[in-house]
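K.L.:
Provided below are the primary sequence and the corresponding predicted coordinates.
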Amino acid sequence: MGFLALLLLAGFGSLANAQNSIPVNVKQAAQTRAVQQILVSARSADPILRANAIEAAEALPRRIGPLVQQALNDPHPVVRYAALVTIGKLKIAGVAPSARSFLQDTNESVRAAAIFALARNFGTNPQTSSMAVDVSALGGLAFSSNPGTRANVAYLMGYMGDSSAIALLKAAARQKLHTATPARMLLVRLQVAEAIHKLGDGEMLDSIRAGMFSQFDEVRILSVQILGRLFDRQWEAAVENALKRPPIELQLAAAGTLARFGNRKGLNLMLDAAQSGSVLLRSQAAITLGMFRNEPQATQMLMGLLTDQSESVRLSAAAGLLGGGRDGL
């Protein structure tokens with residue numbers, strides 16, 4: 001039995017006692033374990049976990065530079081994309097010049113992320129910086145026939161904050177994706193709508209809310225998650241109702257959104273899911289439990305999940321505990 005597990009047994013006992021304050025030394029040991037997990041997963045055999053580790057490492061300012069530099073050399077595009085997005089989001093200027101070599105990457109999303117990283121760090125005006133970048137290529141990528149590219153470009157544009165991109169994104173949302181299923185098309189439109197809302201167009205909120213009533217589970221789930229990220233408390237009652245509706249993934253999404261609002265009604269549901277036999281459910285519960293700030297039960301469960309048999313769950317628990325991740329937990 002590891003050091004952290006011994007501390008957990010000595011420090012807590014059962015979940016029934018978790019309302020008590022968590023000892024500082026136990027919490028520090030768990031945080032150290034979480035950092036170690038992120039570093040280990042950054043070298044995982046699974047590229048998705050390597051990418052997720054980079055996102056989780058946003059919470060580690062003293063570690064993130066070397067990690068993204070390492071990730072830029074990764075053979076898998078999802079990892080390079082995660083690294084470049086992180087360089088742009090956190091404005092890691094020391095590593096950002098490396099992004100220029102990815103402007104011609106074979107993967108569309110990686111090229112878009114390279115533009116994002118350079119624009120966020122050096123701007124778009126060559127008269128003010130020799131490292132400035134021309135962002136016009138993002139416009140073409142926003143109309144990509146690849147659903148993932150279109151969604152990723154919308155996310156990046158929304159984060160860049162240039163409201164002049166609203167008209168372009170609306171046009172991209174209207175253009176059909178002939179190779180996408182109806183559900184995938186709706187998912188992309190939701191992601192574009194979220195970006196447009198972030199750029200200042202409040203009219204898109206109604207279409208995001210409407211997604212809660214879609215015939216497709218994945219669309220309802222994403223709609224609930226976006227309402228949380230946009231902090232749309234006007235629909236808090238509707239999100240509470242989603243706690244009672246299957247599938248369980250929708251219920252977990254609703255619990256997470258309510259947690260962002262400071263509403264703890266989904267906590268017990270989340271604690272149960274964290275003990276599920278499904279790796280996917282435990283992983284989703286782990287990352288979402290991090291949204292329940294100042295909840296000893298949530299924190300204790302996350303600390304226990306750091307020793308889960310699944311690397312995916314351990315990494316999600318680390319991200320939830322430290323507050324890292326693309327959604328800014």
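P.N.:
That came through fine.

K.L.:
look at Thr179 and report its pLDDT.
P.N.:
The model reports Thr179 with a pLDDT of 89.

K.L.:
which SS state does it fall under?
P.N.:
Taking DSSP: H, G, I helix; E, B strand; the rest coil as the rule, one finds Thr179 in the coil state.

K.L.:
so how far is Leu187 from it?
P.N.:
14 Å (C-beta to C-beta, to the nearest Å). C-beta here means a position set from N, CA and C on the backbone, and glycine is covered the same way.

K.L.:
then Ala242?
P.N.:
17 Å.

K.L.:
check Leu168 too.
P.N.:
Leu168 sits at a distance of 19 Å from Leu187 (criterion: C-beta to C-beta).

K.L.:
looking at these two, which is more packed in?
P.N.:
Leu187 (22 against 18; other C-beta atoms under 10 Å).

K.L.:
buried ones in the helix or strand hosting the more buried one?
P.N.:
For Leu187, the enclosing helix or strand under DSSP states H and E is helix 182-198. Neighbour-count burial for helix 182-198, with 16 or more other C-beta atoms under 10 Å as criterion, is recorded at 184-198.

K.L.:
do stretch 278-294 as well
P.N.:
For stretch 278-294, a neighbour-count test (16+ other C-beta under 10 Å) marks Leu281, Arg282, Ser283, Gln284, Ala285, Ala286, Ile287, Thr288, Leu289, Gly290, Met291, Phe292 as buried.

K.L.:
pretty sure the second one is in contact with Leu306, am I right?
P.N.:
No. With contact taken as C-beta atoms under 8 Å, Arg282 and Leu306 are classed as non-touching, separated by 12.0 Å.

K.L.:
C-terminal to the lowest-mean-pLDDT helix or strand in the chain, what's the next element?
P.N.:
Ranked by mean pLDDT, DSSP states H and E, the weakest helix or strand in the chain is helix 3-11, scoring a mean of 32. Later in the chain than helix 3-11, the nearest helix or strand by DSSP H and E is helix 24-41.

K.L.:
what helices or strands is that following helix leaning on?
P.N.:
If you count contacts as 3 or more C-beta pairs under 8 Å, 6 or more residues apart in numbering; DSSP states H and E, helix 24-41 packs onto helix 3-11, helix 47-56, helix 296-305, helix 311-322.

K.L.:
would you put the C-alpha positions of the third one in PDB?
P.N.:
The C-alpha trace of helix 296-305 is given here as PDB (Å, rounded to 0.1, in the frame of the first residue of the first chain):
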ATOM      1  CA  PRO A 296     -14.600  17.700   1.700                       C
ATOM      2  CA  GLN A 297     -16.500  14.700   0.300                       C
ATOM      3  CA  ALA A 298     -15.500  15.600  -3.200                       C
ATOM      4  CA  THR A 299     -11.900  16.200  -2.300                       C
ATOM      5  CA  GLN A 300     -11.600  13.000  -0.400                       C
ATOM      6  CA  MET A 301     -13.100  11.000  -3.300                       C
ATOM      7  CA  LEU A 302     -10.600  12.700  -5.700                       C
ATOM      8  CA  MET A 303      -7.800  11.800  -3.500                       C
ATOM      9  CA  GLY A 304      -8.900   8.100  -3.400                       C
ATOM     10  CA  LEU A 305      -9.200   8.100  -7.200                       C
END
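
K.L.:
okay then, goodbye and thanks.
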